[in-house]
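Need a 3D model of the following:
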Amino acid sequence: MQLDMNLLVALDALLDEGSVGGAAARMHVSSPAMSRTLDRIRHMTGDAILVRAGRTMTRTPYAESVQEEVHAIVARAQAVLAQQRRFDVSKLTRSFTIQCHDALACALGPALVARVREAAPQASLRVLAEAAADAPELRQGQVDLHIGAAIPAQADIRHTLLGHDTMVVAMRAGHPLAANKLTARRYAGAEHVIVSRRGRLRDPVDDALAAQSLARRVVAAAPTAAAALCMAGASDLLVVVPTRACHALTRAFGLVTAAMPVRVSALPVIASWHLRHDGDRAREWLRETVFSAAQAMFKAR
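From the prediction side, this is the model:
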């Protein structure tokens, strides 16, 4: 039997996407063409590979058992072929897409733009608003790198820990609480704005206060750190933000900071990407550039 490498690539896409339409879109072919390819794979393997379950398709037990092996074979073959191509970052003309929290965009953005412009002057950088680490954009190739606080749940999403960012209380420079040590009781007695994309009026700080039989009044929730800091700068509201990620923003709004008066866990900063991009030299360079910028952010004083 003669091996058709294209069938392995198609099988990798079918197993990863879990649908004929998704695999067809990834490989830039029509759905009927991908259906015919799936029929060939079924004939060769003697397995259905994908079966209908209601309105969606699901992988067969055999397909589940070979998914990682198929991907590894395809990735290795691509890496072997790519070794002969010289990678010249200065000739890159592509657009890279990063998804992250607005505070991280402010903290890392200037350094990333400068590094990309210096090393790859013909490339461009897009920064999108934060989403879940296992959002479909990563799997669909619409996002090259996601940076957030959550570890992705899906097995096909790689991740690495960039560091931990401790939390700090920010307030306007003339705030009545700025002159003295911020105790838990003084903190609880103030009014607060919190950062929540979903508009929640409670977060882990409230649990930490409750452990000391204290409670605070949250009067507003803002979708971004910048919006929350802006509100705090124009009022007597307090806001809790990550120290490193929000350093530039707190300075820009003229705010002062105080140590947290209650114990709150530091936020992990986690970079995630799809495993099929492991052998992509351009994306590897992007990840290295982001990791370097993040290290500089955590080391800054």
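
and Asp16, how many residues sit next to it?
For Asp16, the count of nearby residues is 21 (other CB atoms under 10 Å). Every C-beta, even on glycine, is put in place using the N, C-alpha and C of the backbone.

Can you name the residues that contact it?
Residues touching Asp16, when contacts are defined by CB atoms under 8 Å, 6 or more residues apart in numbering, comprise 23, 26, 67, 71, 139, 156, 276.

you'd agree the third one is up against Arg59?
Yes. Applying CB atoms under 8 Å as the test, Gln67 and Arg59 come out as touching, 7.1 Å apart.

which residues are common contacts for those two?
Among the neighbours of Gln67, those also in contact with Arg59 (CB under 8 Å, 6+ apart) are Leu15.

All the strands of the stretch 151-300 of the chain, residue numbers only.
Under the criterion DSSP state E, counting those that start in this stretch, strands of the stretch 151-300 of the chain are mapped to 157-165, 167-172, 191-195, 217-222, 239-242, 255-259, 267-274.

so of these, which one's packed in deepest?
Each of the strands of the stretch 151-300 of the chain was scored by mean neighbour count; the highest is strand 239-242, a mean of 24, by mean count of other CB atoms under 10 Å.

Could you name the helices and strands sitting against that one?
Counting contacts by 3 or more CB pairs under 8 Å, 6 or more residues apart in numbering; DSSP states H and E, strand 239-242 packs against strand 167-172, strand 191-195, helix 225-233.

Which elements pack onto the shortest one?
Looking back up the chat, that one is strand 191-195. Strand 191-195 makes packing contacts with strand 217-222, helix 225-233, strand 239-242 when contacts are defined by 3+ CB pairs under 8 Å, 6+ apart.

Export those as CSV, with columns for distance to Gly46.
CSV is the format used below for those (distance: least, CB to CB, whole Å):
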stretch, distance to Gly46
strand 217-222, 55
helix 225-233, 55
strand 239-242, 53
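
could I get those as JSON lines with distance to Asp144 and mean pLDDT?
Shown next, in JSON lines, are those (distance: least, CB to CB, whole Å; pLDDT from 0 to 100):
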{"stretch": "strand 217-222", "distance to Asp144": "28", "mean pLDDT": "97"}
{"stretch": "helix 225-233", "distance to Asp144": "23", "mean pLDDT": "96"}
{"stretch": "strand 239-242", "distance to Asp144": "23", "mean pLDDT": "97"}
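
No further queries at this time; thank you.
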